[in-house]
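Novice: with the sequence up front, the predicted model follows.
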Amino acid sequence: MGLTRDAVFFDALANHAQRSVAASELLLEMLDQLDEAPALARRISDLEDEGDKITHGCLAALHQTWITPLDREEIHALITRLDDVLDCIEAASVRIVLFEVGSALPEARQLAQAVVDSCTAMSSAVQSLRDLKRQPNLLELCVEINKLENAADGHYRTALAALFKKGNDPLLVMKWRDIYDLLENATDRCEDVANIIEGIVLEHA
């Protein structure tokens, strides 16, 4: 039996979010094992490629379907923001390899952990969309994602301050700042997903 119309969209969103979780965990592993960074970056790139295929498939289904389980604009916004999350993680992994940062700073690991936490909560929220009426805590989960993003902002500022205070080589500062920006952007996009979901929940209340 083929997938139902609704399942096509919910599966696409859930599968994409799960790849963000997997990619974020690999990124954190990269910072713990920089000697394995190239291989781990390739695995993240594979996940990003899979995410792109899911996105294209979801958008194609959106164009071919008259009746969708959520508003078309909501599905489009969700899959696009999910793709942005994965893109940020993949871009950060590429820079870690290209920049040859030498050793991971503790602040980088803290920020990467924030990305893992945000992606994990985001994935749970996305999977809960399948049955909104049986998810009484979904709004609280969205609030939690917002809190995680606020915490990530704090980690980002702390990481930048430490970077400048340590008197690091200016080139190294530029490299890490670029990586930090991408990690912080990933948590921002997770918050975007949460905000869209919050709107969906309130609309269907």
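Specialist: Sure, I can see it. Numbering: from 1, shown residues only.
Novice: what kind of secondary structure is the most centrally placed residue in the chain in?
Specialist: In the chain, the centroid-proximal residue (C-alpha atoms, centre = their mean) is Val85; its distance is 3.4 Å. Classification of Val85 using DSSP: H, G, I helix; E, B strand; the rest coil returns helix.
Novice: residue numbering should commence at 714 henceforth.
Specialist: From this message on, residue numbering opens at 714, which makes the last subject Val798.
Novice: quick one, what contacts it?
Specialist: Neighbouring residues of Val798 by C-beta atoms under 8 Å, 6 or more residues apart in numbering: Ser733, Cys832, Met835, Ala899, Arg902, Cys903, Val906. C-beta here means a position set from N, CA and C on the backbone, and glycine is covered the same way.
Novice: can you redo those residues as JSON lines with pLDDT, neighbour count and distance to Glu916?
Specialist: What follows is the contacts of Val798, written out as JSON lines (pLDDT from 0 to 100; neighbours: other C-beta atoms under 10 Å; distance: C-beta to C-beta, whole Å):
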{"residue": "Ser733", "pLDDT": "98", "neighbour count": "32", "distance to Glu916": "24"}
{"residue": "Cys832", "pLDDT": "98", "neighbour count": "31", "distance to Glu916": "25"}
{"residue": "Met835", "pLDDT": "98", "neighbour count": "30", "distance to Glu916": "19"}
{"residue": "Ala899", "pLDDT": "98", "neighbour count": "32", "distance to Glu916": "26"}
{"residue": "Arg902", "pLDDT": "98", "neighbour count": "24", "distance to Glu916": "21"}
{"residue": "Cys903", "pLDDT": "98", "neighbour count": "33", "distance to Glu916": "21"}
{"residue": "Val906", "pLDDT": "98", "neighbour count": "29", "distance to Glu916": "16"}
